[in-house]
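J.: from the sequence below, what's the structure:
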Amino acid sequence: MEKIFSSLDRHPVWGYKVFAIPLYLFLILAGLTWIANILNIIPSSMVGSIGMMFIIGIVMGEIGDRLPIWKDFIGGGTLLALLGGSLLVFFNLLSESSSTSIGELMKTTDFITFYAAVLITGSILSINRTVLLKSFLGYIPTVLAGLIGAAVFGIIGGMIFGKSARDVLMFYFLPIMGPGTGAGAVPMSQIYEATGLGAASEFLSTAVPILTLGLVMSIILGAVMNKIGMLFPQFSGNGRLSKNETVQPDQEGQGKSDVSARSCASGFVLATGYYILGVIFSHIVPPIFGVTIHAFAYMVIFLALSNMMGLIPQSVKDGAKKLQGFFAGQFSWVIMVGVGVVYVSISDVLAVLTISNFIMVFLVILGAMIGTALMGKLMGFFPVEAVITAALCMSNSGGAGDVAVLGAAHRMNLLSWSQISSRIGGGIMLIIASIIMSIYV
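T.: Purely as a prediction, here's the structure:
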């Protein structure tokens with residue numbers, strides 16, 4: 001028997017490696033998982049959910065990274081993994097046990113928050129301390145420039161399609177640039193109702209499909225920006241936001257292969273500890289202008305301060321960076337499948353997929369991209385990275401969208417900056433929503 005499997009492993013077809021697994025073995029594992037899906041017995045646990053997500057993600061990811069045109073211009077395996085998960089739900093190919101298991105992992109267990117915490121920790125600790133301080137000072141103005149550009153281009157689009165500035169700002173600008181559904185559209189709908197403009201359900205019925213279309217478009221544009229960075233390298237930092245950002249001596253451990261397993265484990269402790277610190281502050285610090293600052297925003301701030309003060313030992317930083325590289329490289333397709341199954345509704349996208357809505361959403365996002373590119377360049381940022389983080393991670397429906405956009409753009413190391421956009425920028429959007437809705441009462 002051992003000789004048979006050994007010969008299969010060397011076979012040009014059956015021995016072909018899929019995610020480092022010989023094809024014959026991967027087909028056995030995939031077949032067993034899919035049989036469990038058909039029988040509706042996928043376990044409601046991390047074993048069942050991650051097992052199903054890995055199989056779907058590997059199949060979609062491998063195909064997406066090889067399809068002509070798609071792999072270069074549309075988003076490759078990352079985007080196909082996301083769309084694959086969403087399409088399986090749309091066509092009822094996932095059993096109830098599979099959908100429930102994946103939903104519990106993504107929402108109840110909140111695996112995406114754990115994933116994001118690990119990536120944020122590693123990415124913050126990979127930035128030189130002096131550059132980090134300078135970058136923070138210029139980043140919020142870059143986000144604000146994107147918001148101005150989004151509003152202006154949206155109103156221009158409204159003039160083309162006969163939509164009033166009120167409707168453009170209410171039902172396109174606010175939902176698209178807001179921080180998703182739960183932290184954005186829902187509180188915006190409450191503001192909408194409280195100001196007497198109409199029922200909250202009226203706002204949500206329009207806003208949710210529009211912001212979902214904005215999410216899908218942002219992901220695709222993230223892949224486009226990656227391609228632009230490859231075609232015009234002078235506009236891209238190849239994953240670096242600031243033009244002053246270089247690899248310093250205290251960063252050299254990021255790529256070392258001799259980082260110990262215990263150091264990697266310390267990266268887990270660091271990520272979870274700083275996220276818990278963020279949770280503490282999000283509970284004890286009162287809302288600012290009526291907006292509660294998210295735990296991720298505090299996490300980014302405290303990690304950055306700790307990095308600038310030299311609080312974290314090099315061995316722990318090396319472990320956190322190594323861990324970030326593992327999660328970003330090996331779990332991206334898994335996370336994309338989860339986002340597609342749980343957060344992206346093909347039905348919602350199809351419901352608003354008219355030519356006028358498509359162009360309106362595109363113009364709002366285009367305005368944000370132009371605004372952040374111009375201001376980002378002025379602030380010493382690379383335009384490609386500025387657009388991806390300060391524009392597309394504002395128009396992508398929050399934290400899950402950040403992961404999807406950065407995955408499509410192959411810049412997962414920028415997750416800390418995207419969280420500033422989603423969390424702090426999202427809070428700014430709620431303040432702007434209050435002002436706009438008060439004006440049009």
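J.: average pLDDT across the helix or strand where K134 lies?
T.: In this structure, K134 is located in helix 129-161 according to DSSP states H and E. Per-residue pLDDT over helix 129-161 has a mean of 89.
J.: next helix or strand past it?
T.: The element immediately downstream of helix 129-161 (helix or strand, assigned by DSSP H and E) is helix 165-168.
J.: just checking, W70 touches L80?
T.: Yes: distance between W70 and L80: 7.0 Å, which falls inside the contact criterion (C-beta atoms under 8 Å). All C-beta spots, glycine's among them, are computed from the backbone N, C-alpha and C.
J.: what residues do the two have in common as contacts?
T.: By the contact definition C-beta atoms under 8 Å, 6 or more residues apart in numbering, W70 and L80 are jointly contacted by G64.
J.: more neighbours: these two, which one.
T.: Comparing W70 with L80 by neighbour count (other C-beta atoms under 10 Å), the higher total belongs to L80, at 26 against 17.
J.: ok so, going back, which elements pack onto the helix holding K134?
T.: Other elements packing on helix 129-161 under the criterion 3 or more C-beta pairs under 8 Å, 6 or more residues apart in numbering; DSSP states H and E are helix 165-168, helix 174-177, helix 295-309, helix 355-378, helix 426-439.
J.: distance to G237, mean neighbour count and mean pLDDT added to those, as TSV?
T.: Putting those into TSV (distance: least, C-beta to C-beta, whole Å; neighbours: other C-beta atoms under 10 Å; pLDDT from 0 to 100) gives the following:
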stretch	distance to G237	mean neighbour count	mean pLDDT
helix 165-168	33	17	94
helix 174-177	24	30	94
helix 295-309	18	20	86
helix 355-378	11	22	96
helix 426-439	25	19	86
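J.: out of these, the one nearest I38 is which?
T.: Closest of the helices and strands packed on helix 129-161 to I38 is helix 355-378, at 36.4 Å (criterion: C-beta to C-beta).
J.: immediately after that closest one, which helix or strand?
T.: Toward the C-terminal end, the helix or strand that comes next after helix 355-378 (DSSP H and E) is helix 383-386.
J.: where in the chain is pLDDT low?
T.: Filtered on pLDDT under 70, the chain yields the residue ranges 1-2, 5, 73, 128, 131, 182-183, 245-257, 289-292.
J.: domain map for it?
T.: 2-109, 113-439 (automatic domain parsing).
J.: identify the residues contacting G196.
T.: Shown here is G196, whose contacts under the criterion C-beta under 8 Å, 6+ apart are V441.
J.: mind checking the SS state of it?
T.: Assigned by DSSP: H, G, I helix; E, B strand; the rest coil, the conformation of G196 is coil.
J.: got the phi and psi for S242?
T.: Per-residue torsions, S242: phi -90, psi 140 (degrees, to the nearest 10).
J.: that one touches F136, doesn't it?
T.: No: using C-beta under 8 Å, S242 is not in contact with F136, being 10.2 Å away.
J.: which stretches of the protein form strands?
T.: Residue ranges of the strands in the chain, as given by DSSP state E, are 17-18, 21-22.
J.: so I74 sits right up against I220, yeah?
T.: Yes: counting by C-beta under 8 Å, a contact exists between I74 and I220, whose distance comes to 6.4 Å.
J.: give me the number of residues near the nearest residue to D72 once chain neighbours are set aside?
T.: The spatial neighbour of D72 that comes closest, neighbours along the chain excluded (C-beta to C-beta, 6 or more residues apart in numbering), is K227 at 6.2 Å. The criterion is other C-beta under 10 Å. On that basis, K227 has 15 neighbouring residues.
J.: just I41 next, same as before
T.: Using other C-beta under 10 Å, I41 has 12 neighbouring residues.
J.: check T206 too.
T.: The local packing count at T206 equals 18, with neighbours defined by other C-beta under 10 Å.
J.: with L133 instead?
T.: 14.
J.: how much space between it and L32?
T.: Distance, L133 to L32, using C-beta to C-beta, to the nearest Å: 52 Å.
J.: what of T206?
T.: With the distance defined as C-beta to C-beta, T206 ends up 44 Å from L32.
J.: and the spatially closest residue to G61 that is not a sequence neighbour, how many neighbours?
T.: Here the nearest residue to G61 in space, its sequence neighbours aside, is G77; by C-beta to C-beta, 6+ apart that works out to 3.3 Å. Using other C-beta under 10 Å, G77 has 26 neighbouring residues.
J.: helices along the stretch 1-150 of the chain, start to end?
T.: Assigned by DSSP state H, counting those that start in this stretch, the stretch 1-150 of the chain shows helices spanning 2-10, 23-38, 46-64, 76-90, 96-103, 111-124, 129-161.
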